[in-house]
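Undergrad: Below is the sequence, then the predicted model.
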Number of protein chains: 2
Amino acid sequence: MKDWLDGYDDRDWQTTTDGTVRYALLGLGWWTVDVALPAIENSDLGEVTTFVSSSTEKAERLADDHDVAHGISYDEFHDGAATDAYDAVYVGTPNAYHLAYVESAADHGKAVLCEKPMESTVERAEQMVDVAESTDIPLMIAYRMQTDPAVRRAKELVEDGFVGDPVSVYGNNSQPLLEMIPDHDQWRLDPDLSGYGTSVMDLGIYSLNTTRFILDRDPVTVQSQMSSHHEAFQAVPDERSGALLTLEDGVRMVTTDSQRAHEDTQLKITGTAGQIDLRPAFHGECTMHLSRGDMTATVSHEAFDSQREMREEFDFFSDRVLTDGEIVADGRHGLQDMRIVRAIHEAAESGDVVEL
Amino acid sequence: MKDWLDGYDDRDWQTTTDGTVRYALLGLGWWTVDVALPAIENSDLGEVTTFVSSSTEKAERLADDHDVAHGISYDEFHDGAATDAYDAVYVGTPNAYHLAYVESAADHGKAVLCEKPMESTVERAEQMVDVAESTDIPLMIAYRMQTDPAVRRAKELVEDGFVGDPVSVYGNNSQPLLEMIPDHDQWRLDPDLSGYGTSVMDLGIYSLNTTRFILDRDPVTVQSQMSSHHEAFQAVPDERSGALLTLEDGVRMVTTDSQRAHEDTQLKITGTAGQIDLRPAFHGECTMHLSRGDMTATVSHEAFDSQREMREEFDFFSDRVLTDGEIVADGRHGLQDMRIVRAIHEAAESGDVVEL
């Protein structure tokens, strides 16, 4: 137990401690400025040299405020400005803008860390995979739970047989979006920018991807129900969603997600012999509640807030860029989540079982 | 808060403290003898006068062991033996035997508290309702969660707007049945005795009924997936099941249930403004985890094990029998759960959305 706790946050993925990846950050919303930027500044292998925003003025002003060397506009980014100043691009814009920035980054020969979901539709995600593969740039989709120590330890426990055969999975991710961002015209509620919808694209993807990662099993069938009730959600179908999935080996998975509900995250994996309950699961302070036979244990790591999660993720990506190492959450990995999300929306519309 | 905690286990349903209902207990398995019998012995309004079992010898021996006045066989029960000694019958036999005992109890003019699920099929449950209504006997289905204080307080909190508009519900009930009862030929795995299956009939019914009770909303559509894997489960379709239900007002509900999984019970209701998480939810020690805004509270009542839950249930039923009062969980109430369980099985077989 001593070794296990002491090694809880070991970077079992790390292959180098040498070198620095210089980042350009795109999409300077609160997440990028308040979470991603300090995460990179605190990281071992990354630094931020370039801010990219809607206008040169805004980018330069923010760059000045945060002691970043360059501030350029999106147009200047596409045209190749400041390419000597950065090695990699972090894309944190609305979903439907991801592809264009990845295309330009690929033109410039830069590595890309792209926020999830990777784009607004399966077709555009496929284009992104093609771009990355044809230009041979490193592309990683930013599933930061995959470098959260609780999730990595959960994956090991499952592989070691802690839960026995996995039987069922429950995932929930809900938040009061309109209390967090009161604007009714925000991009997450605009399907032209967000894609198929809002709750599954933006929140459900956490349960789906983290389960795929921990169990190493993908969904094979999907059923779903969704509805919107509040006027701010009239353009998107999934203010509230519920899904029923069967994973490989007959594992039952159920999910609920809502952008207009009390904040709550949980991912619970129940097997024939034990259970791993991550509660809370996402957005920092991921806590493991383990049970097996008559024993229970709760394990938490206070340092892992969202910023620390992002720091791990950036250092993982920097490590892979510096060593040309394997990226598990590559474009094809992210594309599979896009197909699952699309299937959930198709299933809700048809009432049918949609096969993947 | 003082008043609320002090009144947590108040019997808000009680209308009389006078009188005694004399019970005959049918189906003398461990649940009846070890849980129901002491529950009645500790109750205010009940006493056990009669044991009914497969043979006169067994019934008399158990009656002697437990200081109960009469021990009779099932045949003697049907024939009207000892009817002067009891006022009400508790039916704790395998599901498919319930109807015949309720019919005889009705012939004898006795009140009936019948274990859930009320029978093995919807058709037989409908016959039970007809019998009870045509003979005008009090019939209650034994949903003991409805008199658990945590569940009653949860219902009040929902009615008071604690969670805002209900958005989603998650229910799980899983247990390692073969570790609890190693016999592969047990009745819960025999569809002739259990009915449509095992995990939804025996375990899922807790999530379904408790949600109906707390939210005062019924399911309107059902989708489901189920499968059996272990040889002991080859005759039943639902060693593992998952269901996706839409309740009235578009509330999303997801459930998982398994008779061959780590023991776990949870019932979580998430609304626009707060959450009530019963964890554990069933089988004693029901604990409320409340959250609303930035506040959380955990409330537990150590005395409420399964036996105490049963004591509340028997006193509730006795109260209604003594006063001829209203029984919420009557035959029609239980019949609706049978229809929901049948719909879950139909939905799993067809892959369709089944409407209720």
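TA: Sure thing, it's come through. Just so we're clear, the structure is a prediction, and the values are computed from it rather than from any experiment.
Undergrad: Residue numbers of the stretch 251-356 of chain A in contact with chain B?
TA: Proximity of the stretch 251-356 of chain A to chain B is confined to A:252-256, A:258, A:260-262, A:264, A:266, A:268, A:270-275, A:291-292, A:351-353 under the rule Cβ under 8 Å from any Cβ of the partner chain. Bear in mind the C-beta positions are built from the backbone N, C-alpha and C, glycine included.
Undergrad: can you confirm residue A:334 is in a strand?
TA: No. If the criterion is DSSP: H, G, I helix; E, B strand; the rest coil, then residue A:334 is helix and not within a strand.
Undergrad: Name the nearest residue to it, sequence neighbours excluded.
TA: Spatially, and ignoring its direct neighbours in sequence, residue A:334 is nearest to residue A:141 (3.4 Å; Cβ to Cβ, 6 or more residues apart in numbering or on different chains).
Undergrad: Same question for residue A:85.
TA: With Cβ to Cβ, 6+ apart, the residue lying closest to residue A:85 is residue A:49, at 4.6 Å.
Undergrad: Surely that neighbour is in a helix?
TA: No. Applying three-state DSSP, one finds residue A:49 to be strand, outside a helix.
Undergrad: Which stretches in the stretch 101-250 of chain A count as helices?
TA: Secondary structure of the stretch 101-250 of chain A (DSSP state H, counting those that start in this stretch): helices at A:122-135, A:149-159, A:177-180, A:191-194, A:199, A:205-215.
Undergrad: can you tell me which residues contact the spatially most central residue of chain A?
TA: For chain A, residue A:143 is the residue whose C-alpha lies nearest the centre (Cα atoms, centre = their mean; 3.2 Å). By Cβ atoms under 8 Å, 6 or more residues apart in numbering or on different chains, the residues touching residue A:143 are A:116, A:209, A:210, A:213, A:329, A:334.
Undergrad: tell me the two of the residues you listed that are most distant?
TA: Considering Cβ to Cβ, no two members of these lie farther apart than A:210 and A:334, which are separated by 13.5 Å.
Undergrad: tally of neighbours for residue A:64?
TA: The local packing count at residue A:64 equals 11, with neighbours defined by other Cβ atoms under 10 Å in any protein chain shown.
Undergrad: My guess is it contacts residue A:58. True?
TA: No. Contact between residue A:64 and residue A:58 fails when scored by Cβ atoms under 8 Å: they sit 10.9 Å apart.
Undergrad: Mutual contacts of those two, please.
TA: Shared between the contact lists of residue A:64 and residue A:58 (criterion: Cβ under 8 Å, 6+ apart) are residues residue A:71.
Undergrad: Contacts only, for the residue of the stretch 1-150 of chain A found nearest chain B.
TA: The nearest approach of the stretch 1-150 of chain A to chain B comes at residue A:150, 18.8 Å away (Cβ to the nearest Cβ). For residue A:150, the contacting residues are A:278, A:286, A:287, A:288, A:299, A:301, A:304, by Cβ under 8 Å, 6+ apart.
Undergrad: again, only this time at 7 Å
TA: Contacts for residue A:150 were tallied using Cβ atoms under 7 Å, 6 or more residues apart in numbering or on different chains; they are A:278, A:286, A:287, A:288, A:301.
Undergrad: Show only the entries of the residues you listed found in strands.
TA: When DSSP state E defines the strands, the subset of the contacts of residue A:150 inside them is A:278, A:288.
Undergrad: Is it correct that residue A:259 is in contact with residue A:201?
TA: No. Using Cβ atoms under 7 Å, residue A:259 makes no contact with residue A:201, being 9.8 Å away.
Undergrad: Need the overlap of contacts for those two.
TA: For the pair residue A:259 and residue A:201, no residue contacts each of them under the criterion Cβ under 7 Å, 6+ apart.
Undergrad: Following the chain past the lowest-mean-pLDDT helix or strand in chain A, name the next helix or strand.
TA: Taking mean pLDDT, DSSP states H and E as the measure, chain A has helix A:30 as its least confident helix or strand, at a mean of 87. Under the assignment DSSP states H and E, the closest C-terminal helix or strand after helix A:30 is helix A:37-41.
Undergrad: what's that next one packed up against?
TA: strand A:46-53, helix A:306-323 (3 or more Cβ pairs under 7 Å, 6 or more residues apart in numbering or on different chains; DSSP states H and E).
Undergrad: which outside residues touch that helix?
TA: By Cβ under 7 Å, 6+ apart, helix A:37-41 touches A:23, A:25, A:46, A:47, A:48, A:66, A:307, A:310, A:311, A:314.
Undergrad: Neighbouring strands of the helix or strand that contains the second one in the sheet, and parallel or not?
TA: Same thing as residue A:25. Here residue A:25 sits within strand A:21-26, counting by DSSP H and E. In the sheet, strand A:21-26 lines up against strand A:46-53 (parallel), strand A:88-91 (parallel) (DSSP bridges).
Undergrad: quick one: contacts for residue A:338?
TA: Residues near residue A:338 by Cβ under 7 Å, 6+ apart: A:117, A:118, A:119, A:122, A:125.
Undergrad: do residue A:321 as well
TA: Contacts here follow Cβ under 7 Å, 6+ apart; on that basis residue A:321 touches A:21, A:87, A:88, A:111, A:138.
Undergrad: count of neighbours near the closest residue to it other than its chain neighbours?
TA: Here the nearest residue to residue A:321 in space, its sequence neighbours aside, is residue A:111; by Cβ to Cβ, 6+ apart that works out to 4.6 Å. If you count neighbours by other Cβ under 10 Å, residue A:111 ends up with 25.
Undergrad: which stretches of the stretch 151-300 of chain A form strands?
TA: Remark: strands of the stretch 151-300 of chain A, listed N- to C-terminal, are A:166-176, A:219-227, A:240-247, A:251-258, A:260-271, A:274-278, A:288-292, A:295-299; assignment by DSSP state E, counting those that start in this stretch.
Undergrad: Same list (those strands) but as CSV, adding distance to residue A:10, mean neighbour count and mean pLDDT.
TA: Below are the strands of the stretch 151-300 of chain A laid out as CSV (distance: least, Cβ to Cβ, whole Å; neighbours: other Cβ atoms under 10 Å in any protein chain shown; pLDDT from 0 to 100):
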stretch, distance to residue A:10, mean neighbour count, mean pLDDT
strand A:166-176, 25, 26, 98
strand A:219-227, 30, 23, 98
strand A:240-247, 28, 28, 98
strand A:251-258, 28, 29, 98
strand A:260-271, 22, 24, 98
strand A:274-278, 19, 24, 98
strand A:288-292, 16, 19, 98
strand A:295-299, 14, 11, 97
